[in-house]
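Colleague: Show me the folded form of this:
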Amino acid sequence: MSATEAIAARAQLLSSAGYFDADSDEVIPSPCISVCRMTEDRSRCEGCFRTIPEIRAWALADSAERLAIWARLAQRAGMPFPPEAVAKDPT
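Modeller: I've put the predicted structure just below:
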């Protein structure tokens, strides 16, 4: 599984659980997928697509800033944010 597929899967899982809903009072989980290594140019993490300043800011970030970080990393990963809902099989 590529890093893009892994971060997209994490985003979809969190979205399905309601973490990205505007009316949710849940703490938005980190995008970390335990692939903690910077790109060669040190522009972002290869696993979660966050920059070093975003990684540093995460622990103290409020919900709005965490959503903004998720949106920026999604853009870097080339995925929609919030993720589109996946249709559930009615059977």
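
Colleague: Which helix or strand in this protein has the lowest average pLDDT?
Modeller: helix 3-16 (a mean of 94; mean pLDDT, DSSP states H and E).

Colleague: May I have that one exported as PDB, CA atoms only?
Modeller: Extracted in PDB, the C-alpha atoms of helix 3-16 (Å, rounded to 0.1, in the frame of the first residue of the first chain):
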ATOM      1  CA  ALA A   3       1.600   6.300   1.500                       C
ATOM      2  CA  THR A   4      -1.100   8.100  -0.400                       C
ATOM      3  CA  GLU A   5      -3.400   5.000  -0.100                       C
ATOM      4  CA  ALA A   6      -2.600   4.700   3.600                       C
ATOM      5  CA  ILE A   7      -3.300   8.300   4.500                       C
ATOM      6  CA  ALA A   8      -6.500   8.200   2.400                       C
ATOM      7  CA  ALA A   9      -7.700   5.100   4.200                       C
ATOM      8  CA  ARG A  10      -7.000   6.700   7.600                       C
ATOM      9  CA  ALA A  11      -8.900   9.800   6.500                       C
ATOM     10  CA  GLN A  12     -11.800   7.700   5.200                       C
ATOM     11  CA  LEU A  13     -11.900   5.700   8.500                       C
ATOM     12  CA  LEU A  14     -12.000   8.900  10.600                       C
ATOM     13  CA  SER A  15     -14.500  10.500   8.400                       C
ATOM     14  CA  SER A  16     -16.800   7.500   8.600                       C
END
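
Colleague: which secondary structure elements does it contact?
Modeller: helix 63-77 (3 or more C-beta pairs under 8 Å, 6 or more residues apart in numbering; DSSP states H and E). C-beta here means a position set from N, CA and C on the backbone, and glycine is covered the same way.

Colleague: List every C-alpha atom in the helix it packs on, with coordinates, as CSV.
Modeller: In CSV, the C-alpha atoms belonging to helix 63-77 read as follows (Å, rounded to 0.1, in the frame of the first residue of the first chain):
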residue,chain,number,x,y,z
SER,A,63,-10.1,21.4,16.3
ALA,A,64,-10.2,24.2,13.6
GLU,A,65,-6.4,24.1,13.2
ARG,A,66,-6.4,20.3,13.1
LEU,A,67,-9.0,20.3,10.4
ALA,A,68,-6.9,22.9,8.5
ILE,A,69,-3.8,20.6,8.8
TRP,A,70,-5.8,17.6,7.5
ALA,A,71,-7.0,19.7,4.6
ARG,A,72,-3.5,20.9,3.7
LEU,A,73,-2.0,17.4,3.9
ALA,A,74,-4.9,16.0,1.8
GLN,A,75,-4.1,18.5,-0.8
ARG,A,76,-0.4,17.5,-0.8
ALA,A,77,-1.5,13.8,-1.0
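
Colleague: Since that was my last question, I'll sign off now.
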